[in-house]
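> Here is my input; please provide its structure:
(one chain, ligands or ions: 1)
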Amino acid sequence: MARSTVLCGLAALIATSCMTFAARAAELPRLRVLATGGTIAGAQASATDYGYKSGAYDVNSLLKAVPNLDKLAVITGEQLASIGSQDMNDEIWLKLAKRINAVLAGTGTDGVLITHGTDTLEETSYFLSLVTKSDKPVVMVGSMRPATAVSADGPGNIYNGVAVVADAGAKGKGTLVVLNDTIHYARNVMKTDTTSVQTFASINRGPAGVVHTGKVTWFEPMDRKLGPATEFSIDDLDRLPRVDIIYAHANMSADLIDAAIRNGAKGIVVAGVGDGNMTAAALDVLTRAAKSGVVVVRSTRLPAGIVLRNNEVNDDEKGFVASGELNPPKSRVLLQLALTRTTDPVRIQKMFYEY
Ligand code: ASP
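Residues are numbered from 1 along each chain as shown. Down below sits the predicted model:
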């Protein structure tokens, strides 16, 4: 065969595969990864070392470690923060939420994946689910083992997280959390184990679905109002009201409640014993605080169950709010947002029923 014929054949082959690639890329969802740090980006001194530093790897290194991601989506990455999520704060929440709303408002992005530490993932995800104004998929992933560990769980979680963003069923479900082959609604999920990869659970309601090697199965729908339907907007906010959580226990004094209010707390969430109970001393001080305009929410330190209004504590008389299914960190998130709208405990109680 003449040399020129071979070269022409080769050129045609390259052109065809380029066209096939371009056509396939045009069909794939366009996904933005926003990285914030966490163990998923963590590095150990050696693969068997116990300790590690959170947030050591950047977003591109994280994505490069996951094979076949380009078959699921066309992905671009942005580094928003590089912290262990124990250092997560209101400022980064607002930055992250504003960035998500901006990215999803455009036509160029079909969904967002957020990499995040697991310690406060349950709080960030609930915050985002209440303030994201798009129904495009937003999925959060983390990992329990650092990127350098034997059997690191991060790459599998990223792969499954991308598959969930790319799944048509993820639309309109609010912020989702994907770890260890399980999909959770932000409102329901909590971290339950200090070190196990099976740490996230939706204890009261069960998970939103499962995802195995990128194959997604959905379970029950979410029946609470999500970002596009909430009354919360963070567009003009550069800070959130201070809300503190006080942990109840036998012989609890009111000293920490007093200190929180003295230091500017506009709301107090009590991680109560049992069904949101606390000592008479704590109740007295909180009753006075509620009368003076501080909003008091009774939650529980227990991992399951519902804090009922007017059960052992007369919430109507004292002007308190009962948290229902929301645990203390999630109650804190909702109360912070509620306080951007009102200090009326009756209105805020309604929000705890609706969101
Ligand atoms: N302390 C870490 C963090 O929350 C733990 C983790 O990511 O698993 O960033």
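
> Give me the below-cutoff pLDDT ranges for this protein.
Across the chain, the ranges flagged by pLDDT under 70 are 1-26.

> Please list the residues of it that sit near the ligand.
Gly38, Thr39, Ser54, Gly84, Ser85, Gln86, Gly117, Thr118, Asp119, Gly142, Met144 (Cβ under 6 Å from any ligand atom). Every C-beta, even on glycine, is put in place using the N, C-alpha and C of the backbone.

> The closest residue to Ala152 other than its chain neighbours: neighbouring residues, count only.
Leaving aside its sequence neighbours, Ala152 sits nearest to Arg145 (Cβ to Cβ, 6 or more residues apart in numbering; 4.9 Å). Close neighbours of Arg145, defined as other Cβ atoms under 10 Å, add up to 18.

> again, but for Pro303
Pro303: 11 neighbours (other Cβ under 10 Å).

> what sits against it?
Met190, Thr192, Ile203, Asn327 (Cβ atoms under 8 Å, 6 or more residues apart in numbering).

> Just the buried ones from those residues?
Met190, Asn327 (16 or more other Cβ atoms under 10 Å).

> re earlier: which residues are in contact with the residue nearest to Ala152?
Contact analysis of Arg145 by Cβ under 8 Å, 6+ apart lists Thr39, Ser151, Ala152, Asp153, Gly154, Val197.

> which phi and psi does Val141 have?
Dihedral pair for Val141: phi -130, psi 150, per degrees, to the nearest 10.

> still on that earlier bit, of the contacts of Arg145, which is the nearest to the ligand?
Comparing those against the ligand with Cβ to the nearest ligand atom places Thr39 closest, at 3.2 Å.

> hang on, the closest one packs against Gly142?
Yes - using Cβ atoms under 8 Å, Thr39 is in contact with Gly142, at 6.7 Å.

> anything in contact with each of these two?
Gly117, Thr118, Gly154.

> and the residues you listed, which of them are in helices?
Using DSSP state H, the members of these that fall within helices are Gly154.

> Isn't Ala208 up against Lys173?
Yes - assessed by Cβ under 8 Å, Ala208 is found in contact with Lys173 at 6.7 Å.

> if I look at the two, which residues touch both of them?
Joint contacts of Ala208 and Lys173 (Cβ under 8 Å, 6+ apart) are Tyr185, Met222.

> higher neighbour count, the two?
A count of neighbours by other Cβ under 10 Å puts Ala208 above the other of Ala208 and Lys173, at 27 against 23.

> residue contacts, that one?
By Cβ under 8 Å, 6+ apart, Ala208 lies in contact with Lys173, Leu176, Ile183, His184, Tyr185, Asn188, Ser202, Trp218, Phe219, Glu220, Met222.

> residue contacts, the residue nearest to Gly38 when sequence neighbours are not counted?
Leaving aside its chain neighbours, Gly38 sits nearest to Gly117 (2.9 Å; criterion: Cβ to Cβ, 6+ apart). Neighbouring residues of Gly117 by Cβ under 8 Å, 6+ apart: 36-40, 54-55, 83-86, 88, 142.

> Filter those residues down to just the ones in strands.
Of those, the ones assigned to strands by DSSP state E are Thr36, Gly37, Ile83.

> Same list (those residues) but as JSON lines, adding neighbour count and distance to Gly319.
What follows is the ones in strands among the contacts of Gly117, written out as JSON lines (neighbours: other Cβ atoms under 10 Å; distance: Cβ to Cβ, whole Å):
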{"residue": "Thr36", "neighbour count": "27", "distance to Gly319": "37"}
{"residue": "Gly37", "neighbour count": "27", "distance to Gly319": "40"}
{"residue": "Ile83", "neighbour count": "18", "distance to Gly319": "37"}
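
> hang on, the earlier thing: go through the residues of the chain next to the ligand and name the one nearest the ligand.
Closest to the ligand, out of all of the residues of the chain next to the ligand and judged by Cβ to the nearest ligand atom, is Gly117, at 1.9 Å.

> Name every strand pairing with the one helix or strand Val177 maps to and say which way it goes.
Secondary structure from DSSP states H and E places Val177 in strand 175-179. The strands beside strand 175-179 in its sheet (DSSP bridges) come out as strand 138-141 (parallel), strand 182-185 (antiparallel).

> Report the secondary structure state of Val164.
Secondary structure for Val164, judged by DSSP: H, G, I helix; E, B strand; the rest coil, is helix.

> hang on, it packs against Leu179?
No - using Cβ under 8 Å, Val164 is not in contact with Leu179, being 11.1 Å away.

> one step back: for Leu63, see how far away the residue nearest to Gly38 is.
18 Å (Cβ to Cβ, to the nearest Å).
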